[in-house]
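Asks: Return atomic coordinates for the entry below.
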Amino acid sequence: IFSSWAIPGNEREVQDIQNQLIDKGVEVITANDALVYVTGHPRRGELRKLYSLVKPEVLVPVHGEAAHLAAHAKLGRESGIANVCEARNGDLVRLFPEAMTFPPEVRTGELSLDGLVLCTLEESAVKSRRRLSVGARNLVIYAFDGTL
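Replies: Numbers count the residues shown, from 1 in each chain. I've put the predicted structure just below:
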């Protein structure tokens, strides 16, 4: 049972999988055949039920646009969750011992650990070391007697 739609751009791959299953004798059921469609996103009532059962201490709404994140945060507060962190992409969030968001944004991309310092390659000595290592490979070393 394929109970969701293919992500736009992946339709061909999903159809290929379905065809492979059919070739193996599997009965494939989709939303075109029966009322099987479900979304991967819960509704407010389902979230309220989940929160009442689990009783989370911290909620960090993720996935969606700012309006979705704000609505989820509001629902969390209405559901009695004490710590609701409204984080955005790149924000650093501490969950324990107290939940809070730390500005500024977290550095991402190609990073290097230079001793105990996390930095970009441009900020570290790594780039210089790489240049030196390449240069050292190209050196010709002569012995004192003039031989290689």
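Asks: Low-confidence stretches in the chain?
Replies: Low-confidence segments of the chain (pLDDT under 70): 103-107, 126-148.
Asks: where along it do the helices fall?
Replies: 11-23, 44-54, 66-78, 126-137 (DSSP state H).
Asks: Report the buried residues of the first one.
Replies: Within helix 11-23, the residues that count as buried by 16 or more other CB atoms under 10 Å are residue 18. To be clear about C-beta, it is placed using only N, CA and C from the backbone, and glycine gets the same treatment.
Asks: chain center to that helix, what's the gap?
Replies: 27 Å (CA atoms, centre = their mean, to the nearest Å).
Asks: Kindly report the same for the second one.
Replies: Averaged C-alpha coordinates place helix 44-54 at 24 Å from its chain's average position (CA atoms, centre = their mean).
Asks: cool, and stretch 92-99?
Replies: Using CA atoms, centre = their mean, the offset of stretch 92-99 from its chain centre is 18 Å.
Asks: Pull out the buried positions in it.
Replies: residue 99.
Asks: How about residues contacting it?
Replies: 57, 58, 60, 83, 85, 87, 100, 101, 102, 105, 106 (CB atoms under 8 Å, 6 or more residues apart in numbering).
Asks: For burial, what's the neighbour tally of the second one?
Replies: To tie it back to what came earlier, the one meant is residue 58. Neighbour count for residue 58, taken as other CB atoms under 10 Å: 17.
Asks: bridging residues for it?
Replies: residue 83 (DSSP bridges).
Asks: tell me the contacts of it?
Replies: Contacts of residue 58 by CB under 8 Å, 6+ apart are 81, 82, 83, 84, 85, 95, 99.
Asks: Among the residues you listed, which one sits closest to residue 3?
Replies: residue 81 (29.3 Å; CB to CB).
Asks: quick revisit: greatest separation within the contacts of stretch 92-99: which pair is it?
Replies: 57 and 105 (25.4 Å).
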